[in-house]
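**Q** Structure here, sequence nowhere to be found:
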């Protein structure tokens, strides 16, 4: 009788080579035994051995499936660093969210349902998806009209469609003086000039926006009123009302980016509630759920709605049918709400770790923010600090990435909190605090 371990080794080799992929179902044990010319009892031992190695998982009533490979352990924080601790990008993953999402995909396993959702999807989505999105985006005092919701493949595409709809090539788009770096790439591809507008502790200044428009007409303004990236600040209701009045007086549209607005439970109503006729709201599921299966939302006023739909279609920025249907299900069945609650708790825990590690540092952030803006000690330049952190295998973002135009970059960095495991995050922030307490000479970098 053939040793069951040799058979298990052969199956393991098929998994390692990709001939058996994560999610593939293995044959029933009796069928497996016949195909390999072994006894049924030996097949059972093979399956148990594969499970012991973590290569397969048995599901009652369904069978045995190839498991996805486990994530590699967090990198060490020693020199030389072979792996990075990524404090640049923010992709929050809440414990247990994959199981919640998997449950919502069960109905898509039916061939008739899958056949329907694998067809093309329009930017208007479906009535079910529009209603689910309107409910998701609603706040206690505001709810968008479901009929007006449009969809993009992700949040970045929703932003690109909004800019293309509101600002012609060669036109001017106002942005906060420090802004989300992606908008710089979007503007460059669309031939749009970005105009930085001064901010204060409450966000973009309406008087500075009016002055920029007087100097040369603006096509629109891109703004992040809630959990501004990179500052982490949230515009209070009074400032939102003042900005809404300025938009109406100037006849300008705002593109309101609410990608992070799901985190604070007590965030003010969106700018769209204060200036409904002048605000095009964009949001997505990439942070709420996961970037690998995302969906972007765009809620325009009536006047530019047709232009936005045309821009999304012509740019190839519409949604994928599978993602649209899956997301509609997750929004309707409470999955998104459950994952959002878990991420709020996760963000609070990570923010607490950061506050403990960086207690004496000059850091701006929101109370439940997944990122912070660190004004460095005078002896440090941002680029020098970034290089010193990289020597320890830690990636952070210099202030220059958020600056628009030729303005001098602040002596600051942005660090993200969402990506590493909690213990790795704790150690990484401790290393950064140690670097900041030293000097560039200590780091042997200039």
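**A** That came through fine. Worth saying up front: this structure is predicted, and the values here are computed from it rather than measured. Residues are numbered from 1 along each chain as shown.
**Q** Show the pLDDT at residue 60.
**A** In this prediction, residue 60 carries a pLDDT score of 69.
**Q** Give the lowest-confidence helix or strand of the protein, using mean pLDDT as the measure.
**A** Least confident helix or strand of the chain, by mean pLDDT, DSSP states H and E, is helix 111-117 with a mean of 80.
**Q** what's the helix or strand just after that one packed up against?
**A** Tracing the chain past helix 111-117, the next element assigned as helix or strand by DSSP states H and E is helix 127-137. On a contact count with 3 or more CB pairs under 8 Å, 6 or more residues apart in numbering; DSSP states H and E, helix 127-137 meets strand 296-299, helix 321-332. For glycine as for every other residue, the C-beta is placed from the backbone atoms N, C-alpha and C.
**Q** what's the angle between helix 127-137 and helix 321-332?
**A** Per axes from the mean of the first three to the mean of the last three CA atoms, to 10 degrees, the angle that helix 127-137 makes with helix 321-332 is 50 degrees.
**Q** thinking again about what came up before, of the helices and strands packed on helix 127-137, which is nearest residue 130?
**A** helix 321-332 (8.8 Å; CB to CB).
**Q** how far away is residue 9 from residue 34?
**A** Noted for residue 9: a distance of 20 Å to residue 34, by CB to CB, to the nearest Å.
**Q** swap that for residue 162, sorry
**A** Distance from residue 162 to residue 34, by CB to CB: 59 Å.
**Q** Comparing the two, which shows the higher neighbour count?
**A** residue 162 (32 against 13; other CB atoms under 10 Å).
**Q** Pull out the buried residues from the helix or strand the more buried one falls within.
**A** Per DSSP H and E: residue 162 is located in helix 155-166. In terms of neighbour count (16 or more other CB atoms under 10 Å), helix 155-166 has its buried residues at 155, 156, 157, 158, 159, 160, 161, 162, 163, 164, 165, 166.
**Q** Could you do stretch 49-60 as well?
**A** 49, 50, 55, 56.
**Q** Could you list which of those belong to helices?
**A** Among those, the ones falling in helices (DSSP state H) are 49, 50.
**Q** picking up where we left off before, the helix holding residue 162 packs against which elements?
**A** helix 182-190, strand 220-223, strand 254-257, strand 279-284, strand 296-299, helix 302-314.
**Q** taking the mean pLDDT, what do you get for whichever helix or strand comes after it?
**A** Proceeding N to C from helix 155-166, the next assigned helix or strand is strand 172-176, under DSSP H and E. Averaging pLDDT along strand 172-176 yields 98.
**Q** Strands of the stretch 301-446 of the chain, start to end?
**A** 362-364, 371-375, 394-395, 397-398, 412-416 (DSSP state E, counting those that start in this stretch).
**Q** Direction-wise, compare the helix holding residue 162 with helix 182-190 and give the angle.
**A** Going by the same axes, to 10 degrees, helix 155-166 makes 50 degrees with helix 182-190.
**Q** what about helix 155-166, average pLDDT?
**A** Mean predicted confidence for helix 155-166 is 98.
**Q** Which residues does it contact?
**A** Contacts to helix 155-166, defined as CB atoms under 8 Å, 6 or more residues apart in numbering, come from residues 152, 173, 182-183, 186-187, 189-190, 192, 219-220, 222, 253, 255, 257, 259, 280, 282-284, 286, 294, 296-298, 300, 304, 307-308, 310-312, 315, 317.
**Q** and it, how far out from the chain's middle?
**A** Relative to the centre of its chain, helix 155-166 is centred 16 Å away, using CA atoms, centre = their mean, to the nearest Å.
**Q** how close does the most centrally placed residue in the chain get to residue 382?
**A** In the chain, the residue lying closest to the centroid (CA atoms, centre = their mean) is residue 287, at 3.3 Å. With distances taken as CB to CB, residue 287 is found 25 Å from residue 382.
**Q** shaky segments in the chain?
**A** Filtered on pLDDT under 70, the chain yields the residue ranges 1-2, 60, 69-83, 442-446.
**Q** what kind of secondary structure is residue 102 in?
**A** helix (DSSP: H, G, I helix; E, B strand; the rest coil).
**Q** How many residues are close by it?
**A** Residues near residue 102, counting by other CB under 10 Å, number 10.
**Q** rewinding a little: by how many degrees do the helix holding residue 162 and strand 172-176 diverge?
**A** 140 degrees.
**Q** now the angle between helix 302-314 and helix 155-166, please.
**A** Going by the same axes, to 10 degrees, helix 155-166 makes 120 degrees with helix 302-314.
**Q** And residue 49, how close does it get to residue 59?
**A** 18 Å.
**Q** Residue 108 and residue 101, how far apart?
**A** Distance from residue 108 to residue 101, by CB to CB: 11 Å.
**Q** Surely residue 271 is in contact with residue 256?
**A** Yes: using CB atoms under 8 Å, residue 271 is in contact with residue 256, at 4.6 Å.
**Q** Overlap of the contact sets of the two?
**A** In contact with both residue 271 and residue 256: 223, 225, 279, 281, using CB under 8 Å, 6+ apart.
**Q** Distance to residue 84 added to these, as CSV?
**A** Listed next are those as CSV, based on distance: CB to CB, whole Å:
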residue, distance to residue 84
223, 32
225, 32
279, 38
281, 34
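**Q** Need the helices and strands packed on helix 127-137 in JSON lines (columns: distance to residue 26).
**A** Output for the helices and strands packed on helix 127-137, formatted as JSON lines (distance: least, CB to CB, whole Å):
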{"stretch": "strand 296-299", "distance to residue 26": "37"}
{"stretch": "helix 321-332", "distance to residue 26": "25"}
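**Q** quick one, which of those is packed in tightest?
**A** strand 296-299 (a mean of 28; mean count of other CB atoms under 10 Å).
**Q** Contacts for that one next, please.
**A** With CB under 8 Å, 6+ apart as the test, strand 296-299 has contacts from 133, 137, 144, 148-158, 161-162, 272, 280-284, 308, 312, 317, 319.
**Q** out of those, which are buried?
**A** Buried among those (16+ other CB under 10 Å): 133, 137, 144, 149-158, 161-162, 272, 280-284, 308, 312, 317, 319.
**Q** can I get the strands of the stretch 301-446 of the chain in JSON lines with mean neighbour count and distance to residue 422?
**A** Formatted as JSON lines, the strands of the stretch 301-446 of the chain follow (neighbours: other CB atoms under 10 Å; distance: least, CB to CB, whole Å):
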{"stretch": "strand 362-364", "mean neighbour count": "15", "distance to residue 422": "19"}
{"stretch": "strand 371-375", "mean neighbour count": "23", "distance to residue 422": "16"}
{"stretch": "strand 394-395", "mean neighbour count": "22", "distance to residue 422": "15"}
{"stretch": "strand 397-398", "mean neighbour count": "21", "distance to residue 422": "21"}
{"stretch": "strand 412-416", "mean neighbour count": "25", "distance to residue 422": "14"}
